[in-house]
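Chemist: Please find the sequence and the predicted model below.
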Amino acid sequence: MRILLVEDDAALAGAVCSYLEAKAFVVDVAPSLAQARAALAAVQYAAVLLDLHLPDGEGLSLLPDVRALRDPPIVIVLTARDQVTDRIRGLDAGADDYLIKPYDPAELLARLRAVERRRSSAATPVLQFGTLEIDLARDLVRKNGLPVTLTQKEWALLRVMATRPERIHTRDNLADALYGYGDEADSNTLEVFISRLRRKLGRSHIQTLRGLGYRLSSAPEEEDE
């Protein structure tokens, strides 16, 4: 999952980034509304973590921009305001959830996953693809009932595909799970990680649709070469 953190407190932003990146998320930081709008125009994010007090305006003014996107990301408002009326205003403006500062990054992660599950077309966070079982809530993967060990980057790619399994994911969409905003992407890196996932999960579970992208599949297991 690639996340945009809109936060002007550098120390807090650094702590949140470190925690989420350790959990296999890619996090971009925008310390102002202007930078947030530029990032949203350039990258397709799965979630936006939005502070309300920003140097160039109120965070809630960003919500119309977010909701106008073709595929709007999750939005969790992060603020020191603890008045019920402020929370209601944020939710009415289009936020998916609200978290009061100071907060524990573990709670933020739990709320992200909860909203992600609610948005998922699946009725349960445990998805089944033939012999493959993906537990989004606990970051677990099993093949034929046995756990599969994935690296952070491998899990980041798999999470993108598993969260919206019916979708064909383009190379750019998947590359966003590997690189931060402004990072230079190696055109061969995505292919390397797709190849590694196929070796661990089974070649048939990740389909290539030529000229379009990739998607997860429940196709019968193929023997590895």
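Modeler: Good, I have the coordinates.

Chemist: how near is the residue nearest to Met1 when sequence neighbours are not counted to Thr79?
Modeler: For Met1, ignoring the flanking residues on the chain, the nearest one in space by C-beta to C-beta, 6 or more residues apart in numbering is Ala46 at 4.3 Å. C-betas here are computed from N, CA, C, even on glycine. The gap separating Ala46 from Thr79 is 21 Å, by C-beta to C-beta, to the nearest Å.

Chemist: Among those two, which residue is more densely surrounded?
Modeler: The neighbour comparison of Ala46 against Thr79 (other C-beta atoms under 10 Å) goes to Ala46, with 23 against 20.

Chemist: what about that one, distance to Leu54?
Modeler: Separation of Ala46 from Leu54 (C-beta to C-beta) stands at 21 Å.

Chemist: So Arg81 sits against Leu52, correct?
Modeler: Yes: checked against C-beta atoms under 8 Å, the pair Arg81 and Leu52 is within contact range at 6.3 Å.

Chemist: part of a strand, is Leu197?
Modeler: No: following the definition DSSP: H, G, I helix; E, B strand; the rest coil, Leu197 is helix and is not counted among the residues of a strand.

Chemist: Could you name the helices and strands sitting against the longest helix along the chain?
Modeler: Among the elements of type helix in the chain, defined by DSSP state H, the one spanning the most residues is helix 105-119. Using 3 or more C-beta pairs under 8 Å, 6 or more residues apart in numbering; DSSP states H and E as the contact criterion, the elements in contact with helix 105-119 are helix 10-22, strand 47-51, strand 74-79, strand 97-100.

Chemist: tell me which residues of it are tucked away?
Modeler: Along helix 105-119, these residues count as buried under the neighbour rule (16 or more other C-beta atoms under 10 Å): 105, 108, 111-116, 119.

Chemist: Same question for stretch 42-59.
Modeler: Neighbour-count burial for stretch 42-59, with 16+ other C-beta under 10 Å as criterion, is recorded at 43, 45-52, 54, 59.

Chemist: For it, give the mean pLDDT please.
Modeler: Looking at stretch 42-59 alone, the average pLDDT works out to 91.

Chemist: Between the two ends of it, what distance do you get?
Modeler: Taking C-alpha to C-alpha, to the nearest Å as the measure, stretch 42-59 stretches 19 Å from start to finish.

Chemist: Which pLDDT value goes with Ala185?
Modeler: In this prediction, Ala185 carries a pLDDT score of 54.

Chemist: sorry, that was for Glu223
Modeler: At Glu223, pLDDT is 49.

Chemist: can you pull out the helices in this structure?
Modeler: With DSSP H as the criterion, the chain has helices at 10-22, 33-42, 63-67, 84-92, 105-119, 152-163, 171-175, 189-201.

Chemist: can you put the ones you listed in a markdown table and add distance to Arg215?
Modeler: Converted to a markdown table, the helices of the chain look like this (distance: least, C-beta to C-beta, whole Å):
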| stretch | distance to Arg215 |
| --- | --- |
| helix 10-22 | 25 |
| helix 33-42 | 24 |
| helix 63-67 | 25 |
| helix 84-92 | 33 |
| helix 105-119 | 18 |
| helix 152-163 | 6 |
| helix 171-175 | 10 |
| helix 189-201 | 12 |
